[in-house]
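Undergrad: Output the structure for:
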Amino acid sequence: MNVTVHALDRYDFDAGATDEEGRLRIRRASRLAAAAVAVLVLVGCGHRTGSADAAGAPESRSGGIGEPGIRQDEDLVRKYFPELGDFDAVEWAGEVLGKGRSSVPGPSDFRVSGVVRLADADVARLSKGYAWQDEPGTPVVLGTVRPRVPVSVQWQTSEDFVTAVTQGRYSATFYADFKRKSIVFDAVNPEKKAV
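TA: Model (predicted):
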């Protein structure tokens, strides 16, 4: 390894040194080389970038059964989007936007997308409690969530619902299909709410 060679090169093994001095120098060089290798190993053990949970923490595990990167933990989604109610299930993913470098101070922007299966009571509450309009096209979500978005659906959106959830503090979209009891969400930098 180059580190070992460079560490050993720092010591001058002259012909006049005794065997004991030579062994001492080799021991010191070996310790220095071991320390340099340890530093390199630790530096290489950083977090991977490009994925985050809804709290902006780097994501490194799957959320249970299914595809890596897809999470199914409901409690975290409820903390960010309590307006969705006591839903039956959720599949979601998150990612850090930009390069997500840990060497740059300050918070990183993050994006979360998911598909929520609503409880019957929440279907009734949300469909009647907000003005929903038909929305052509399909929701824009993270690539890992895309296969979970229902197809051949007449989606509906509600500006009132978006405002109630985001309070104008971040950007988000919510596409509803109340017949299938589904809401698809996509948000950038959502804020956790006191629940």
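Undergrad: alpha carbons only for contacts and neighbour counts from here, please
TA: Will do.
Undergrad: Where in this structure is the helix or strand with the lowest mean pLDDT?
TA: Least confident helix or strand, the chain: helix 2-9 with a mean of 30, by mean pLDDT, DSSP states H and E.
Undergrad: which stretches of the protein aren't confidently modelled?
TA: Low-confidence segments of the chain (pLDDT under 70): 1-68, 99-104, 195.
Undergrad: if we go to 50?
TA: Scanning the chain with the threshold set as pLDDT under 50 gives 1-17, 29, 32-65.
Undergrad: Do you have the helices of it handy? List them.
TA: All helices of the chain, identified by DSSP state H, fall at 2-9, 19-43, 74-80, 120-129, 159-166.
Undergrad: so how many other residues sit close to the closest residue in space to residue 185 that isn't next to it in sequence?
TA: Spatial nearest neighbour of residue 185, excluding adjacent residues (Cα to Cα, 6 or more residues apart in numbering): residue 174 at 4.6 Å. Close neighbours of residue 174, defined as other Cα atoms under 10 Å, add up to 22.
Undergrad: Same check on residue 127?
TA: 15.
Undergrad: likewise residue 180?
TA: For residue 180, the neighbour count with other Cα under 10 Å is 12.
Undergrad: what's the distance between it and residue 142?
TA: Residue 180 sits 21 Å away from residue 142, taking Cα to Cα, to the nearest Å as the criterion.
Undergrad: repeat for residue 192
TA: Separation of residue 192 from residue 142 (Cα to Cα) stands at 20 Å.
Undergrad: for residue 90, same thing?
TA: Residue 90 sits 15 Å away from residue 142 when distances are taken as Cα to Cα.
Undergrad: Look at these two and report which has more neighbours.
TA: residue 90 (21 against 17).
Undergrad: Just the buried residues of stretch 142-151, please?
TA: Within stretch 142-151, the residues scored as buried using 16 or more other Cα atoms under 10 Å are 142, 144-146, 149-150.
Undergrad: taking these one by one, which sit in strands?
TA: Taking DSSP state E, every one of those sits outside strands.
Undergrad: Now distance to residue 86 too, for the residues you listed, in TSV please.
TA: Formatted as TSV, the buried residues of stretch 142-151 follow (distance: Cα to Cα, whole Å):
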residue	distance to residue 86
142	24
144	24
145	21
146	23
149	20
150	21
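Undergrad: Closest one of those to residue 115?
TA: When the buried residues of stretch 142-151 are compared for distance to residue 115 (Cα to Cα), residue 149 wins out at 6.6 Å.
Undergrad: which residue packs closest to that closest one, ignoring adjacent ones?
TA: Per Cα to Cα, 6+ apart, closest to residue 149 is residue 115, 6.6 Å.
Undergrad: Against residue 82, how distant is that neighbour?
TA: With distances taken as Cα to Cα, residue 115 is found 15 Å from residue 82.
Undergrad: and if you look at residue 129?
TA: Residue 129 sits 15 Å away from residue 82, taking Cα to Cα as the criterion.
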